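Visitor: the following comprises the amino acid sequence and a computationally predicted model.
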Amino acid sequence: MLRMTPELTALCFAALLQILQIALYAVLGNLQVGVAYSLKPRDEPRVLSGVAGRAQRAMNNHFESLLLFAIACLVIAISETSSVATGVAAWTYVAARALYVPAYCFGWVPWRSVFWSIGLGAITILLIGGLI
């Protein structure tokens, strides 16, 4: 039976972060295009710009990253290879992704790329940790 490892706890927080990003995108998008448009089937797409567009892209980027993070956390949990290093890596991922959102939304150069790289590095450490 799986136990709640630090990595799985971090995965839960990463998923909650994704929900917050969805909410942020929805609010900013509605402010930009209006609720009336959002309630329609959106047959005529509109491209969000500014902070709303960046929030949407940050959200989509996290969807992509979250899949790899989930795989890594599950590998650690199922293989029972949780360690201090993998726990730190998992929480580093969550922190990096949390910092990535404002870095992307506010155009913090080069920090958006730095936080993205830290998150990817943390996933890599988790996957390697599951193999050894």
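Guide: Cool, got the structure. Residues are numbered from 1 along each chain as shown.

Visitor: would you mind listing the buried residues in stretch 38-55?
Guide: For stretch 38-55, the neighbour count (16 or more other Cβ atoms under 10 Å) marks Leu48, Val51, Ala52, Gly53, Arg54, Ala55 as buried. For every residue, glycine as well, the C-beta is placed using N, CA and C.

Visitor: those residues into TSV, with extra columns for pLDDT, distance to Ala36 and secondary structure?
Guide: Formatted as TSV, the buried residues of stretch 38-55 follow (pLDDT from 0 to 100; distance: Cβ to Cβ, whole Å; DSSP: H, G, I helix; E, B strand; the rest coil):
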residue	pLDDT	distance to Ala36	secondary structure
Leu48	92	16	coil
Val51	97	21	helix
Ala52	96	16	helix
Gly53	96	20	helix
Arg54	97	23	helix
Ala55	97	20	helix
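
Visitor: export these to TSV and tack on distance to Leu66?
Guide: Listed next are these as TSV, based on distance: Cβ to Cβ, whole Å:
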residue	distance to Leu66
Leu48	21
Val51	22
Ala52	21
Gly53	20
Arg54	18
Ala55	16
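
Visitor: for the one helix or strand in the chain whose mean pLDDT sits lowest, enumerate the helices and strands it packs against.
Guide: Here the helix or strand of the chain ranked lowest by mean pLDDT, DSSP states H and E is helix 35-39, holding a mean of 83. Packing partners of helix 35-39 (3 or more Cβ pairs under 8 Å, 6 or more residues apart in numbering; DSSP states H and E): helix 6-33.

Visitor: at 7 Å what do you get?
Guide: Judged by 3 or more Cβ pairs under 7 Å, 6 or more residues apart in numbering; DSSP states H and E, helix 35-39 is in contact with no other helix or strand.

Visitor: how about it as CSV, C-alpha atoms only?
Guide: What follows is the C-alpha trace of helix 35-39 in CSV, where atoms were taken according to Å, rounded to 0.1, in the frame of the first residue of the first chain:
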residue,chain,number,x,y,z
VAL,A,35,-17.9,37.2,-19.2
ALA,A,36,-20.4,37.2,-22.1
TYR,A,37,-17.7,35.9,-24.4
SER,A,38,-16.4,33.4,-21.9
LEU,A,39,-19.9,31.9,-21.6
